[in-house]
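Asks: sequence isn't available, so here's the structure alone:
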């Protein structure tokens, strides 16, 4: 049995030190009574080494179980795999450097693991998005949802192959470490190809696959209102341009996420795929509407639609129509 209860992982890439400091303070404030933890910070090839930041130096003194590892291969998934290799805890908790968990987060997890041993992945039922530098009111509602704000009233979990509303996002995700190590083994065999967010690219999916691998192995995944955290969003992400890129990046990779975990899902994808002509016709209709509209939600709807259908094409190894690529280039989603 692991002698460490929780491995807390914080992945970073050129972090805003205001956010990282709040995250580290929150981790330091966690109620660890009766628990043994380790904290692993992954520096994913930042321009300024994370180990040299004043806040990290300060908390290295406060958190004796803190380890900093450098992962030069760019991409969140590479950073997370490096952390999983290092993790010695029975469970691994991912706090992005812009997360601020409540003090009782670990204790709440302990109770959940005791009460629901068949649930291998837990996430927060309450996520509050804190727009640190403010945000345009015209996009705030959509952005809160996109940045994973949620408020669940009860514990819910499921074990279905396709994504369920109760499945946890990457923010504050806690997973049984032995399943994550299995995920890493499969990734190194070439089964999982998504790199996660990488530099300016906002494609993701590794969180989804980590949850789905639990389902694949016969466990459930869910959320609980007893798990609470803040998701801190600075000004360089709380804007229209970033929101459009994030919608596209998260939407285009979903089908690939699922089919790489559940290869039999291809049959359903074949049914979901629409013809190029229909794809182009519907996209142009949405594009024209978005061009004439003052409501940013119309552009967000367009980008979401193109990303989701393009994702089906990519998962089936089908080329995306050239006109669709021209539209996405005009929207600057890359």
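Replies: Alright, I've got the coordinates. For clarity, every value in this text was computed on a predicted model and none was experimentally measured.

Asks: I'd say residue 270 and residue 318 touch.
Replies: No - counting by C-beta atoms under 8 Å, residue 270 stays clear of residue 318, with 10.3 Å between them. Using the backbone N, CA and C atoms, a C-beta is placed for each residue, glycine as well.

Asks: between the two, who's got more neighbours?
Replies: Counting neighbours by other C-beta atoms under 10 Å for residue 270 and for residue 318 shows that residue 318 has the greater number, 13 against 10.

Asks: relative to residue 312, how far out is that one?
Replies: In this structure, residue 318 and residue 312 are 8 Å apart, going by C-beta to C-beta, to the nearest Å.

Asks: equivalent analysis for residue 251, please.
Replies: For residue 251, the distance to residue 312 - C-beta to C-beta - is 11 Å.

Asks: what do you get for residue 39?
Replies: Applying C-beta to C-beta, the value for residue 39 to residue 312 is 40 Å.

Asks: and what of residue 81?
Replies: Residue 81 is 27 Å from residue 312, by C-beta to C-beta.

Asks: doesn't residue 170 fall inside a helix?
Replies: No - read with DSSP: H, G, I helix; E, B strand; the rest coil, residue 170 is coil and lies in no helix.

Asks: contacts only, for the closest residue to it other than its chain neighbours.
Replies: In this structure, residue 170 finds its nearest non-sequential neighbour in residue 207, 3.2 Å apart by C-beta to C-beta, 6 or more residues apart in numbering. Contacts for residue 207 were tallied using C-beta atoms under 8 Å, 6 or more residues apart in numbering; they are 94, 169, 170, 173.

Asks: what's the separation between the last one and residue 263?
Replies: Which is residue 173. According to C-beta to C-beta, residue 173 stands 24 Å off from residue 263.

Asks: what about these two, which has more around it?
Replies: With neighbours defined as other C-beta under 10 Å, residue 173 and residue 263 compare such that residue 173 has more, 22 against 10.

Asks: I'd assumed residue 99 was in contact with the more buried one.
Replies: No - counting by C-beta under 8 Å, residue 173 does not reach residue 99; the two are 10.1 Å apart.

Asks: returning to that earlier point: pull up the overlap in contacts between residue 318 and residue 312.
Replies: Residues touching both residue 318 and residue 312 (C-beta under 8 Å, 6+ apart) are residue 273.

Asks: would you mark the buried spots in the helix or strand that contains residue 186?
Replies: Using DSSP states H and E, residue 186 maps to helix 177-188. Using 16 or more other C-beta atoms under 10 Å as the test for burial, helix 177-188 gives 177, 179, 180, 182, 183, 184, 186, 187.

Asks: as CSV, those with pLDDT would be great.
Replies: CSV is the format used below for those (pLDDT from 0 to 100):
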residue, pLDDT
177, 97
179, 96
180, 95
182, 93
183, 92
184, 91
186, 90
187, 87
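
Asks: ok, of those residues, which one's closest to residue 133?
Replies: residue 180 (33.7 Å; C-beta to C-beta).

Asks: quick one: the most centrally placed residue in the chain and residue 318, what's the gap?
Replies: Taking C-alpha atoms, centre = their mean, the centroid of the chain lies closest to residue 170, which sits 3.5 Å from it. The gap separating residue 170 from residue 318 is 28 Å, by C-beta to C-beta.

Asks: before we move on, the earlier item: would you mind identifying the next helix or strand past whichever strand or helix holds the residue nearest to residue 170?
Replies: If you go by DSSP H and E, residue 207 is part of helix 206-216. Counting by DSSP H and E, the element after helix 206-216 in chain order, helix or strand, is strand 220-233.

Asks: which strands or helices does that next one pack on?
Replies: Under the contact definition 3 or more C-beta pairs under 8 Å, 6 or more residues apart in numbering; DSSP states H and E, strand 220-233 sits against helix 17-29, strand 99-101, helix 105-115, strand 119-131, strand 156-158, helix 206-216.

Asks: of all those, which lies closest to residue 143?
Replies: Smallest distance to residue 143 across the helices and strands packed on strand 220-233 (C-beta to C-beta): 7.5 Å, for strand 119-131.

Asks: show me what the closest one is packed against.
Replies: Contact partners of strand 119-131 among helices and strands, from 3+ C-beta pairs under 8 Å, 6+ apart: helix 105-115, helix 137-146, strand 150-151, strand 174-176, helix 206-216, strand 220-233.

Asks: closest to residue 28 out of those?
Replies: Smallest distance to residue 28 across those (C-beta to C-beta): 12.4 Å, for helix 105-115.

Asks: could you give me the buried positions within the closest one?
Replies: Residues 105, 106, 107, 108, 109, 110, 112, 113 are the ones in helix 105-115 that count as buried (16+ other C-beta under 10 Å).

Asks: any idea how many residues pack against the closest residue to the second one other than its chain neighbours?
Replies: By the measure of C-beta to C-beta, 6+ apart, the closest residue to residue 106 outside its immediate chain neighbours is residue 30, 5.4 Å from it. Burial measure for residue 30: 21 neighbouring residues, criterion other C-beta under 10 Å.
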